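[1] Give me a 3D structure for the following:
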Amino acid sequence: MKIFEINSGNYGSTGNIALNIAKTARERGHEVKVAYRKSRSVIASNDEDEVLIGSSFFGLTHRIVGEYLGLEGCSSVIPTLKLIKQIKAFDPDVIHLHILHGWYLNLPLLFSFLSKFNKKVVWTMHDCWAFTGHCPHFQLAKCDKWKTGCENCTQYREYPYSRVDNSKFLYKLKKKYFTSISNLTIATPSSWIADLIKFSFLSEFETKVINNGIDLTVFKPSESDFRALNGIGDNQHSILGVAFDWSEKKGLDVFKKLANDLESDYKIVLIGTTEEIEADLPENIITVRKTENKKELASIYSSADLFLNPTREDTFPTVNMEALACGTPVLTFKTGGSPEIISDECGSVVECDDYEGLKNEVIRICKTKPYSEEACLNRAKAFDMNDKFKEYVKLYESI
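    Model (predicted):
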């Protein structure tokens, strides 16, 4: 079988997912090509089975069109035509779509081709962008216009950034082209997104939940001197937060408030901060801007008494899985797919923005220690990335 994957990049979580699915499929005897946008963020590769889409020039041109006309997804004509030519030459049995936003594809061209090419298509929706007129997420905005038709968007200046609100047009464009493929199977990393799709214009398509996974050979209980190096005593409670784009969406304000409200025997540690963010944090928060590698990150997870994720927008946060795999219980807001990762034996969930409820749970968990390391590790086994990649290959084979 031949598989052709398309994603916005070969880096980050979705890039790693696409490349590892390809690796797993090849190990099962299938032929795979992975196409992704050419940009400065792309990790250089000489792999003949990886295809670059566009160039810096086309990317800049597309971004300008998206910014000034509100037409993200309506430029990059030549790169998309070249991509279509490469797909035809490879003649795949299955085409797997991942992240399509990011100023690198002409959506009408690509989907007009896919609707006529008559090949099986799998589309993993890592966010909500496919069924909205603009945004990848709408929870923080508390918007449900996507159910009937987007317009008067309050987030058009958020990613993918635009100076004008063209959400009404883009919603209609997406609905027209995305529903034109008769042989489409949708995959989602969480039941939360799968449930949203039932209320969208994509509801007619078969939807399968395949959770994201993590590397359990890296994320596991590890010896760590992090507490000693940062002055966290054995009788103190270490509360850990990890993000690489700290903002209100990730609950940065919650950590600030906790730092002021909790007693001195609680220590908050934040990973992924910047100089600008640190300048606005209480002095008693310990920060680490960047870890050297995943093993160091695993050792910090292992040193914590509680992993706290007060996220307000998330699909299926990897950090929750990583913490559990290191034996650390998780406390999160009831947001997106975040609660799905936790069982009653390894963590707790409170309603989004229930600060008092969250604070009380932090204290309860740290003082009573109701969740064992063993329970956390058992739950993490459900998210072995190798099993998840195999699920995708089985999906290809089944269709």
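[2] Can you name the residues that contact residue 394?
    Applying CB atoms under 8 Å, 6 or more residues apart in numbering, one finds that residue 394 lies in contact with no residue. Every residue, glycine included, has its C-beta placed from N, CA and C.
[3] Can you tell me the element it falls in?
    helix 385-398 (DSSP states H and E).
[4] swap in residue 33?
    strand 31-37.
[5] Likewise for residue 246?
    Per DSSP H and E, there is no helix or strand for residue 246.
[6] Please report how far residue 159 lies from residue 140.
    Relative to residue 140, residue 159 is positioned 13 Å away (CB to CB, to the nearest Å).
[7] Those two: which is more packed in?
    Each of residue 159 and residue 140 has its neighbours counted (other CB atoms under 10 Å); residue 140 has more, 17 against 14.
[8] helix, strand or coil for the more buried one?
    Put simply, residue 140 is coil when judged by DSSP: H, G, I helix; E, B strand; the rest coil.
[9] surely it meets residue 248?
    Yes. In this structure, residue 140 is within contact of residue 248 by CB atoms under 8 Å, at 7.3 Å.
[10] Give me the distance between residue 144 and residue 9.
    Counting by CB to CB, the gap from residue 144 to residue 9 is 30 Å.
[11] sorry, that was for residue 394
    26 Å.
[12] And the helices in this structure?
    When assigned using DSSP state H, the helices of the chain occupy the ranges 12-27, 56-69, 77-90, 107-117, 167-178, 191-197, 226-229, 252-261, 275-278, 294-303, 318-325, 355-368, 373-380, 385-398.
[13] can you redo these as JSON lines with mean pLDDT and distance to residue 334?
    Formatted as JSON lines, these follow (pLDDT from 0 to 100; distance: least, CB to CB, whole Å):
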{"stretch": "helix 12-27", "mean pLDDT": "94", "distance to residue 334": "22"}
{"stretch": "helix 56-69", "mean pLDDT": "94", "distance to residue 334": "33"}
{"stretch": "helix 77-90", "mean pLDDT": "98", "distance to residue 334": "39"}
{"stretch": "helix 107-117", "mean pLDDT": "98", "distance to residue 334": "33"}
{"stretch": "helix 167-178", "mean pLDDT": "98", "distance to residue 334": "27"}
{"stretch": "helix 191-197", "mean pLDDT": "98", "distance to residue 334": "10"}
{"stretch": "helix 226-229", "mean pLDDT": "96", "distance to residue 334": "29"}
{"stretch": "helix 252-261", "mean pLDDT": "98", "distance to residue 334": "14"}
{"stretch": "helix 275-278", "mean pLDDT": "96", "distance to residue 334": "25"}
{"stretch": "helix 294-303", "mean pLDDT": "97", "distance to residue 334": "22"}
{"stretch": "helix 318-325", "mean pLDDT": "98", "distance to residue 334": "13"}
{"stretch": "helix 355-368", "mean pLDDT": "98", "distance to residue 334": "10"}
{"stretch": "helix 373-380", "mean pLDDT": "98", "distance to residue 334": "18"}
{"stretch": "helix 385-398", "mean pLDDT": "97", "distance to residue 334": "24"}
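[14] Pick the most deeply packed of those.
    helix 318-325 (a mean of 27; mean count of other CB atoms under 10 Å).
[15] who touches that one?
    For helix 318-325, using CB under 8 Å, 6+ apart, the contacting residues are 13, 212-214, 216, 219-220, 240, 242-243, 297-298, 301, 304, 307, 309, 329-330, 332, 338, 341-342, 346-347, 376-377, 379-380, 383.
[16] is it true that residue 282 touches residue 256?
    Yes. Assessed by CB under 8 Å, residue 282 is found in contact with residue 256 at 6.1 Å.
[17] what's the closest non-adjacent residue to residue 385?
    residue 213 (3.3 Å; CB to CB, 6 or more residues apart in numbering).
[18] hang on, that neighbour packs against residue 383?
    Yes. Residue 213 is in contact with residue 383 according to CB under 8 Å; the separation is 4.8 Å.
[19] Nearest residue to residue 284 in space, ignoring adjacent ones along the chain?
    Here the residue nearest residue 284, using CB to CB, 6+ apart, is residue 259, at 5.5 Å.
[20] For residue 63, see how far away the one you found is.
    As judged by CB to CB, residue 259 and residue 63 stand 38 Å apart.
[21] now residue 200
    From residue 200 over to residue 63 the distance is 27 Å, taken as CB to CB.
[22] Spit out the contact partners of residue 347.
    So residue 347 contacts 320, 324, 329, 330, 331, 332, 371, 376 (CB under 8 Å, 6+ apart).
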